[in-house]
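>>> 3D, please:
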Amino acid sequence: MASIYNNSGIWYLGWLENGKKRGMSLKLKATKQNKKFAEQYKIDKERELSKGIITQNIKLFEGIDLFITSRKNKAIKTILRYKLSLSWFSRYMGDVRIDSIKDSEIINYEQHLIQNTKSQSTLETFIRDLRIFLKYMRENYSVGFVKIRKEKRGQNRSIKVIPNETEILEYFKNRNVEHCRYLKLLFLTGFRKFEAINLDWSNIDFNEKVINFKNDKANRIDVFPLYDELNTFLETFRSSGKVFTFNDSAHIGRTLKSKFGYTIKDIRSTFATKNARKFRSFELKELLRHRDAKTTEKYYVNVDVRSLADRF
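Predicted coordinates for the structure are as follows:
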């Protein structure tokens, strides 16, 4: 059996393991609201004890393996990101017992990331993945009760909108027609770069006027409308097999950045911003295939207030 108790204004979890009393701070203030969370930890602990699981002995390497296995239904890209970010943490900490990790070590690890990662975006991704991992360990094995801040998302990111796509498309047309077609498809659809690269002609239903494709980021099948301008464009080079013969757009992105100062992701933001006045937020969310309209509004749509004058 397990129990929760108040010690100096903090909820603690206590239990018997192999005849010995064990206990740990849940790092929750002893309030009525937090008692509900503490009770859930108690239930989880009793479930583990009934299965004979000794959670205090779980080491970091084993914990990461358990976490990665639990994410088997996620997209491959997401799983690989988890493996990369958590490998940084495991190399820094070593194969320690998860319940022995201290708050100060998390702070020191973040300083290590600041000194050794190349960008703020990478840092925040690693912090987010570590927070998700530790949350999983707390909820499933009652270990990992350390403080870790919530990642800062997009606070310094400005939304770029490309005012004139014609110049870009003309430049790439003179260099490589297929690269030009790839970029034009992105301008017309707002697809993520890998969604366009992986597109097959069999995904495009010219009769039903839809494009069906796998959303690897969300691990689901999405549908995009084949509207007139997009349909006309695709008909000009309609074929079979893959729509594009290349498997990586990094070289296109580098040229776009060096020549025009934009990224491929800026094309997606441009699509969102240009269509923000045509569609309601929940409709634009569906076109961009976001789970939440807040993501669309915060990270992809740049509204020029002056352009709203004719709406009054």
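>>> Is the nearest residue to residue 117 once chain neighbours are set aside within a helix or a strand, and which one?
Nearest non-adjacent residue to residue 117, counting by C-beta to C-beta, 6 or more residues apart in numbering: residue 123, 5.1 Å away. For the C-beta atoms, the positions are set from N, CA and C on the backbone; glycine is no exception. Using DSSP states H and E, residue 123 maps to helix 120-141.
>>> do residue 38 as well
helix 32-50.
>>> And the contacts of that helix?
1-4, 11, 13, 15-17, 26, 28, 55, 138-142 (C-beta atoms under 8 Å, 6 or more residues apart in numbering).
>>> how does it look with 6 Å?
With contact meaning C-beta atoms under 6 Å, 6 or more residues apart in numbering, helix 32-50 is reached by 2, 4, 11, 13, 15, 26, 28, 55, 142.
>>> Need the phi and psi values for the closest residue to residue 96 other than its chain neighbours.
Distances taken as C-beta to C-beta, 6+ apart place residue 60 nearest to residue 96, at 5.5 Å, with adjacent residues excluded. Per-residue torsions, residue 60: phi -60, psi -50 (degrees, to the nearest 10).
>>> burial count for residue 60?
Per other C-beta atoms under 10 Å, the neighbour tally for residue 60 reads 21.
>>> Pop the domain breakdown of this protein in here.
Residue ranges for each domain of the chain read 2-53, 58-141, 165-311, as given by automatic domain parsing.
>>> Looking at those, spot the one closest to residue 150.
Proximity to residue 150 (C-beta to C-beta) singles out domain 58-141 among the domains of the chain, at 6.9 Å.
>>> count of residues packed around the nearest residue to residue 249 once chain neighbours are set aside?
By the measure of C-beta to C-beta, 6+ apart, the closest residue to residue 249 outside its immediate chain neighbours is residue 193, 5.0 Å from it. Neighbour count for residue 193, taken as other C-beta under 10 Å: 19.
>>> cool, and residue 27?
With other C-beta under 10 Å as criterion, residue 27 counts 14.
>>> Then residue 83?
For residue 83, using other C-beta under 10 Å, the count is 14.
>>> Can you say which helix or strand has the nearest residue in space to residue 203 that is not next to it in sequence in it?
Excluding the flanking residues, the one nearest residue 203 by C-beta to C-beta, 6+ apart is residue 213, at 4.8 Å. Assigned by DSSP H and E, residue 213 falls within strand 210-215.
>>> hang on, the earlier thing: show the pLDDT at the residue nearest to residue 96.
The confidence metric pLDDT takes the value 94 at residue 60.
>>> Might you report the residue contacts of it?
Applying C-beta under 6 Å, 6+ apart, the residues near residue 60 are 90, 93, 95-96, 98.
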